[in-house]
Structure formats: C-alpha cells, structure tokens
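A.B. asks: Got a predicted model here, sequence first, then my questions.
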Amino acid sequence: MALDVNRRFYREAAAIPDNGVWRIALDGKVVKTPARNPLSLPTQALAEAIAAEWAAQDAKVKPDTMPLMQLASTALDRVAPDRDRIVAETAGYAATDLVCYRADEPAELVARQAAAWDPLIDWLRERYDVSLRIAAGVMAVPQSDQALAALTRAVAAQDDFRLTALSVMTGAAGSLAIGLAVLEGRIGPEAATEAAQLDELYQAERWGIDPEAEKRRANQKADLVAARRFLDLLATGTA
C-alpha cells in the first residue's frame, strides 16, 4: 500500500522489525513508498514516529501532515536513485549562499546580518577549512574552487537519509551554511529559521506583515523543524 491514499482504511499502525530494518504496518500490511519501494527505515525511533503519524490520521489520510513519512519516502524514492544530482543541487547553494550577501545599509540591518551570519562563516572555516567570500549588495561574488569542492565533499559524505534532511534544510533556508550548521548541531532549527528569515523579518518590522509572506515563513520553519527531528530520530534507538 502506498502513501497516496485518501480515506483512512486501517485501524492500527505499528513499527515492526524486519531483518535489520524497520517497517510500518497498517493492520499488519506493510506500507510502501509512493513509488512502491519498500519503506525500509534504519532506526526503531524513526519507525515508531512515522507509525505515530499514521495513527494520528483522521477519516482521511493527509500526507502533508506526515512530514517524517514524506522525508523517508523522499530518501528512498528520489535521493537514493539520484544521489549525484541531489548532492550537486544541495552543494550548489554554496556558490550563492544567503549568508554571503550583505546589505550595505541601513546600519541596523548590516549589524543584524553580521551578528547572525558571521558566526556561521567562522564555523565553516573551523569545521571544513573553508573561507566563503562575502559581498555587499547584489553583485555576485565567485567562491573559490577549493571551498566549493570541500563543501561538496561534506554533502556527499551523508547517507541517503541524512542527505535528504540536509537537502530540505538547505533549500528551505536558501543556505548550505545554515543547512550544514543544523545538520551538525551547531544551531537548532529555530535559530536557523531566524537566520534564514532575517532580511524578511527586518522588512516586516518596517513595513508591516504580509500574510502570504508570513505563511511562507511558517512553512519554512516547519520544514527545518521536521528535518531536524528526522535527524534526531535517525541518531537514536527509541522514539
């Protein structure tokens, strides 16, 4: 049975062990991904959390309320068979990373960007021996081949599940620096959200809140929170 169901047709959802991996069973029937791949999960914690997402569904199954199931399915259906493209796409954010492009005025925004983003630049230097160049304004600044290669290696070193989380976080934040910092526990998803939304929030303070922009920012935060939880469940043995 696949994720693209509508009406809830099962009574119970459970995580079950199976030859070194974990699966989800709905009334004893094993769940498959939307692409009909076996839903093979590496930890009991992740399996139990995904089973809880299935158990929490009401009369209709709503995939957008099951972020962990979506992340696991993405890892198996999209990332595993197309790793090279996902690695290149994720690492590619470093070439135009959000944290490298700074305002030259007003002074308050310049100071906020420096306070939030300079520590990430410094952390990348310490962690990966990478020095990203910073630019003021919108003119593109080329990053060194050495820096881009080192960050590509960092992305490629992740397994399919962790790469999925990193890809989601990097895309949500518009920044590989932020994505890697959350992946490695340098910052949490809340701090990552604040760093990613810094410019927008500054403009909202000055000109007022746009409901559509507010909704987009909420979705952005939800993606970062879900991906971080996904990583935590990959790293532990129980939910």
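C.D. replies: Perfect, thanks for sending it. The structure displayed is predicted, hence computed values, not measured ones. Numbering: from 1, shown residues only.
A.B. asks: where do the helices sit along this protein?
C.D. replies: Taking DSSP state H as the criterion, the chain contains helices spanning 44-55, 67-74, 83-91, 107-128, 145-156, 160-173, 176-183, 189-196, 198-207, 211-234.
A.B. asks: Need those in CSV (columns: distance to residue 8 and mean neighbour count).
C.D. replies: Glycine gets a C-beta too; all of them are placed from N, C-alpha and C. Listed next are the helices of the chain as CSV, based on distance: least, CB to CB, whole Å; neighbours: other CB atoms under 10 Å:
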stretch, distance to residue 8, mean neighbour count
helix 44-55, 9, 21
helix 67-74, 14, 23
helix 83-91, 32, 17
helix 107-128, 43, 15
helix 145-156, 38, 17
helix 160-173, 26, 24
helix 176-183, 33, 27
helix 189-196, 30, 20
helix 198-207, 37, 14
helix 211-234, 22, 17
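A.B. asks: Just tell me which of those helices ends up closest to residue 134.
C.D. replies: helix 107-128 (7.0 Å; CB to CB).
A.B. asks: so what does the closest one touch, helix or strand wise?
C.D. replies: Applying 3 or more CB pairs under 8 Å, 6 or more residues apart in numbering; DSSP states H and E, one finds that helix 107-128 contacts strand 101-102, helix 145-156, helix 176-183, helix 189-196, helix 198-207.
A.B. asks: mind checking which of those is nearest residue 128?
C.D. replies: Among the helices and strands packed on helix 107-128, the nearest to residue 128 by CB to CB is helix 145-156 (5.2 Å).
A.B. asks: Identify the residues contacting that closest one?
C.D. replies: 83, 87-88, 90-91, 94-95, 124, 128-132, 163, 166, 176, 180 (CB atoms under 8 Å, 6 or more residues apart in numbering).
A.B. asks: same thing but 6 Å
C.D. replies: With contact meaning CB atoms under 6 Å, 6 or more residues apart in numbering, helix 145-156 is reached by 87, 90-91, 94, 128, 130.
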